[in-house]
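K.L.:
I would like the atomic coordinates for the input below:
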Amino acid sequence: MREDMKAVIADTFTEMLDKEDIDKITVTKLIGECHISRQTFYYHFKDIMDVLDWAFRRATDELVKRSLEAEDNIVALKEFASFIRQNRTKLERLLYSRRWVEIENMLTESAAAYLAEIARNKAPDISRTYDDMEIMLKFYACGMVGVLMHYMGKPHLDEEKLIIQMEKIITGKMSPGKNN
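P.N.:
Prediction:
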């Protein structure tokens, strides 16, 4: 029951993001939309940003699951790109929030968690130190989020080409000094 209420609150919150900026979504508005008490909200979440963080983590878990079922890296990256495309309006609303620094960190952390889980499951024999793996995941996560946010709004985007290019970068097939 508790997780169900968390999901109801998070789903209502994400629906509200389709219509208004996060800076205008208050706990009062959210509990009104959910038809719950303030006490119920605070039982599950500490504030609006906590709801957003929980929603990001849940979306990441769903993306990881779908990506692990993908037959190759290209299809897995298509899942990630599809998520960005489908949630573009919400992400743009978040982008222009006064809390963008926190939100960008959440997005990057979600992308890093996504990449870490994919790496653990699809390439378990990677031998890297924890520090090396952490910086590599952050680097790719920042890059993925930045590139997808930059390009997904372009009207004449060749999404297939972008995904192939990103896969080449991630797998080391495209790097400075290589003829690709």
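K.L.:
got the contact list for the nearest residue to Asp47 once chain neighbours are set aside?
P.N.:
Distances taken as CB to CB, 6 or more residues apart in numbering put Val27 closest to Asp47, at 7.1 Å, once the chain neighbours are dropped. All C-beta spots, glycine's among them, are computed from the backbone N, C-alpha and C. When contacts are counted by CB atoms under 8 Å, 6 or more residues apart in numbering, Val27 touches Arg38, Phe41, Asp47, Ile48.
K.L.:
got a markdown table for those residues, with distance to Ile22 and pLDDT too?
P.N.:
Shown next, in a markdown table, are those (distance: CB to CB, whole Å; pLDDT from 0 to 100):
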| residue | distance to Ile22 | pLDDT |
| --- | --- | --- |
| Arg38 | 19 | 96 |
| Phe41 | 16 | 96 |
| Asp47 | 12 | 95 |
| Ile48 | 7 | 95 |
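K.L.:
closest to Asp18 out of the residues you listed?
P.N.:
Closest approach between those and Asp18, by CB to CB: Ile48, at 15.6 Å.
K.L.:
roughly how far apart are that closest one and Asp23?
P.N.:
The gap separating Ile48 from Asp23 is 9 Å, by CB to CB, to the nearest Å.
K.L.:
give me the more crowded residue out of the two.
P.N.:
Here Ile48 and Asp23 are compared on neighbour count by other CB atoms under 10 Å; more neighbours surround Ile48, at 18 against 13.
K.L.:
ok, now how distant is the more buried one from Ile9?
P.N.:
To Ile9, Ile48 is 10 Å away according to CB to CB.
K.L.:
overlap in contacts of the two?
P.N.:
With CB under 8 Å, 6+ apart, Ile48 and Ile9 have common neighbours Leu30.
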